[in-house]
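Trainee: sequence plus the predicted model coming up.
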Amino acid sequence: MGETEQRPTAGSRLGAQENAGISTLEHGQKPPMTPPGKLVSIKIQMLDDTQETFDIPQRAPGKVLHDAVCNHLNLVEGDYFGLEFPDHKKMMVCKMNNFQLHVVVKFVVKFFPPDHAQLQEELTRYLFALQVKQDLAQGRLTCNDTSTALLISHIVQSEIGDFDETIDREHLAKNKYIPHQEALEDKIMEFHRNHMGQTPAESDFQLLEIARRLEMYGIRLHPAKDREGTKINLAVANTGILVFQGHTKINAFNWAKVRKLSFKRKRFLIKLRPDVNSSFQDTLEFLMASRDFCKSFWKICVEHHAFFRLFEEPKPKPKPVLFSRGSSFRFSGRTQKQVLDYVKEGGHKKVQFERKHSKIHSIRSLTAQPSEQHTEVPKQVSDSARAYGDSNDAAAVQSCRQGKELKSSPEDTGQHKSPSLKKSPKEGRKVDGAVVSTVEEEEEPAKDRMQQNRPQSQQPSTGSLTGSPHLSELSINSQGGPSVANMTLSPNLSPDAKQSSPLVSPLLNDPSCIRADDEEEVKRKRFPTEKAYFIAKEVATTERTYLKDLEVITSWFQSAVSKEDCMPETLKNLIFSNFEPLHKFHTGFLKEIEQRLALWEGRSNAHIKGDYQRIGDVMLKNIQSMKQLTIHLRKHNEILMELENGIKNSRKLETFCRDFELQKVCYLPLNTFLLRPLHRLMHYKQIMERLCKHYHPSNVDFRDSRAALAEISEMVAQLHGNMIKMENFQKLHELKKDLIGMDNLVIPGREFIRLGSLSKLSGKGLQQRMFFLFNDILLYTSRGLTASNQFKVHGHLPLYGMTMEESEEEWGVPHCLTLRGQHQSIVVAASTRAERDKWTEDIQMAIDLAEKSSGPAPELLASSPPDNKSPDETTVDQESEDDLSASRTSLERQSPHRGNTTVHVCWHRNTSVSMIDFSIAVENQLSGNLLRKFKNSNGWQKLWVVFTNFCMFFYKSHQDNHPLASLPLLGYSLTLPSESENIHKDYVFKLHFKSHVYYFRAESEYTFESHHSSYSE
């Protein structure tokens, strides 16, 4: 007997394990019956354009084929997908003998969730990304050129990796993502340049973040006519039934408004719930091409409603004995809630998968032990197949998750230092812009310098992203943000430390404030100088600050709450029961890190070398333990919302929280401390990325460091969606405290984009005004004369229907813009061309987003009517006596914080800041000792410095509970001191704004570079 030839499957072709019968059914759920009989071969076209053949019993229902495909791909979240005929007219729900067997059936995304963060598996997000790619190519997903180019740039990043102009052009020439792609190639490459270091998984995340905000995302149009015979298109989404005219949405019927869906022959009927405020009839009728089309669309609607709205699968309708009336069709399968619950319970094992189109390694969420040997990453082939995981297959458990394609260079070993940093300030300036590295050293620094200019908000796994889903596009268009300090430093500064953080300096442990330079040099030589050591110290110093921030809640706030009967017990328990476990864990974490550093520095067991000169094992152990705290981290959005609701409903609690924010220990807004645990996860990820990039793969600490990076990246990805929403929620509430005349600033769907100072042209000339840009409205205000220094809203312009044009020649004002709304126009001028460009891009982006919404925003000003004055009117917009007593809102009483917020700094410095900048700021936080020198002083003063929220906070030591002083850095420039300033020391940088000049001295090259990178972000 000859051996039977085995046909390779998608799973085997991709290197996935053989399926060992691992069931994805929930407990008590039975698989569909597979009728016996003749087998037929069905061809399935996968999302990666490959075709697979399945042998199915001829009389089997469609669910058998669907389950076979999902099991073949080892797809855990297969409920989001379905089978579709090539003509897209029917979903595959019938038996096999109901269609011609030679037809190729497509495996497609069937249910598009409102937030892709609900997709727990990386493979699922990858398949969704492939669907977006197909929709772009087929013209289903329509959007403007900027959004299209941005989407394609993320696809390119996931397929070929970091930007290289030659490779990019060749790749775009071979791959056509959209018709007439040539016109957008330059813009695609411009965006791709900004994605340096972004992994394929992160690119998928960003791609979906942008796509889900597009009006046509996941939309499948079904031709119909209304009662007047007008041609329209119907579609169904997770929110309800949508009506389109062409590709423009003209109406939407949310599921909550729909009472009944039915069809009668070719007529599709929507019966609405009674609403006295609605102008719609009780029953809406649409005419479709045929009864089959009408019934097919009705079934799709029933399935979407059940999947997104029901908690469990609906029970089948009992069949009548004699007569049947109407269809007995019901949705069969798990609902979205059941899918989410199943995945969260961890009823499956995660295994690796690979991408067909990607040349970059991407391994699915893998666990590791500190000393476990890493398995080799297989070659990239395809990602449409993936295994559930065999409980008996130990190969499913890997020792790391590949976060990036790691490269090594001489610079990575920590043996080379930037020549410009070891020279005097004058010599450092001479090499600025010059190529000083050797041939061997040039390749990696050149790549890193490009990465240094990358907006960090494009990192989906670090939150950056975008402060809001809309802002994924804005992160590119904002030209990198407000530039806390303008970078004019040598290009040879290593961008490896770009993400942040100075360290506690061993040469600064003397408690005295002024230190002799000779003493510094002696102390410096006692301690290690390798870069890995300073990265490890960065973990320790930032952990100290983080622990102090947790104590603001667990100690100071809790103590104050216990003395006042102002907070409900349920809210107390919610806050402190979720923060106390975090504080306890990180106290032990910090102790372990400090013990390791003591061994590394030789302060104890100095004879031991090598075994303790690493940090990856400590990080891996604690990050794995930290996963058990995820349940507490998921509660932070609930904590923030419940506290704000409590403040809104209780004057006593509002007063208490306001008074607590006036305490010195609360150096940031209270709700910022509530988000600190989520921000800290991004810090860990950044630090581990730098450590992995620094290490050569042969380093003894590389394996554990890479595994720790994989673990923390997975945590960040799971919590990133909630973090973006909470950051926007927190920012809206903070802005509400700074505004008078805006009672309902915080409403569902509103997202903050940018705030800053602009000059508004009136009859008296240019008047300084503070502008606030949201995704639906533009507010302009003046600084109030109230004791709280709040800003009074003077007017607003809805973005719906707004146009914008440059008008420097018309008005004779530099950097001038004219904004034309539907009912009014205003003329504004920025302080610089760069500021004008930032506002122009963000306003245009916001206008585009508003045009895609369902209509103009409602009137939102509570106490101030819209300002309909033209520039020719001669008013000065001065506040009246009524304004002094108006709008007694949260935190209005005289508050030092309200006079030193970011809004007030932008007002005084005549600059602006965007939500992207706020998101980057929470990622680039620094802690550690610096030496400070004033312009006319002789000695250097040692201070513990915390950099956060665009501000430096100065402490005498890290043990202090509150800062001695603060220095907001918005508007400051960062440079190297010149030779004439006689600062002949290493690692010195200069901060200056007008006549204010400060010099700061770091302890090492790494610390120096960290401060430069973070301040220049």
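Mentor: Alright, I've got the coordinates.
Trainee: can you give me the mean pLDDT across the biggest helix by length in the chain?
Mentor: Looking across the chain with DSSP state H, the single longest helix is helix 702-738. Averaged across helix 702-738, pLDDT comes to 91.
Trainee: after the helix or strand containing residue 827, next one along is what?
Mentor: Per DSSP states H and E, residue 827 falls inside strand 825-829. Per DSSP H and E, the first helix or strand lying C-terminal to strand 825-829 is helix 833-852.
Trainee: just the strands in the stretch 651-800 of the chain please.
Mentor: In the stretch 651-800 of the chain, the segments counted as strands under DSSP state E, counting those that start in this stretch are 739-740, 752-762, 765-774, 777-783, 791-798.
Trainee: out of the ones you listed, nearest to residue 135?
Mentor: strand 752-762 (26.6 Å; Cβ to Cβ). C-beta coordinates here come from the backbone N, C-alpha and C atoms, glycine included.
Trainee: now the angle between strand 825-829 and the closest one, please.
Mentor: Counting by axes from the mean of the first three to the mean of the last three Cα atoms, to 10 degrees, strand 752-762 lies at 100 degrees to strand 825-829.
Trainee: how does the protein divide into domains?
Mentor: 39-109, 219-315+329-334, 549-734, 742-852, 925-1015 (the TED database).
Trainee: I'd like those domains as a markdown table, with distance to residue 198 and mean neighbour count appended.
Mentor: Shown next, in a markdown table, are the domains of the chain (distance: least, Cβ to Cβ, whole Å; neighbours: other Cβ atoms under 10 Å):
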| stretch | distance to residue 198 | mean neighbour count |
| --- | --- | --- |
| domain 39-109 | 21 | 18 |
| domain 219-315+329-334 | 27 | 16 |
| domain 549-734 | 11 | 19 |
| domain 742-852 | 21 | 19 |
| domain 925-1015 | 18 | 19 |
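Trainee: quick one: which of those is nearest residue 910?
Mentor: When the domains of the chain are compared by Cβ to Cβ, domain 742-852 sits nearest residue 910, at 4.8 Å.
Trainee: kindly check the end-to-end length of that closest one for me.
Mentor: 25 Å (Cα to Cα, to the nearest Å).
Trainee: now it: average pLDDT?
Mentor: On average, domain 742-852 scores 87.
Trainee: try stretch 546-553
Mentor: What stretch 546-553 shows for mean pLDDT is 94.
Trainee: ok, and what's touching that stretch?
Mentor: For stretch 546-553, contacts defined as Cβ atoms under 8 Å, 6 or more residues apart in numbering pick out 575-576, 579, 582-583, 586-587, 590, 665-666, 673-674, 676-677, 680, 683, 958, 961.
Trainee: what about the stretch 151-300 of the chain, any weak spots by pLDDT?
Mentor: Scanning the stretch 151-300 of the chain for pLDDT under 70 picks out 275-281.
Trainee: now the helices for it?
Mentor: 165-174, 185-192, 200-211, 291-309 (DSSP state H, counting those that start in this stretch).
Trainee: out of the ones you listed, which gets nearest to residue 939?
Mentor: Here helix 200-211 is closest among the helices of the stretch 151-300 of the chain (Cβ to Cβ), at 46.3 Å.
Trainee: packing partners of that closest one?
Mentor: helix 122-138, helix 145-160, helix 471-477, helix 702-738 (3 or more Cβ pairs under 8 Å, 6 or more residues apart in numbering; DSSP states H and E).
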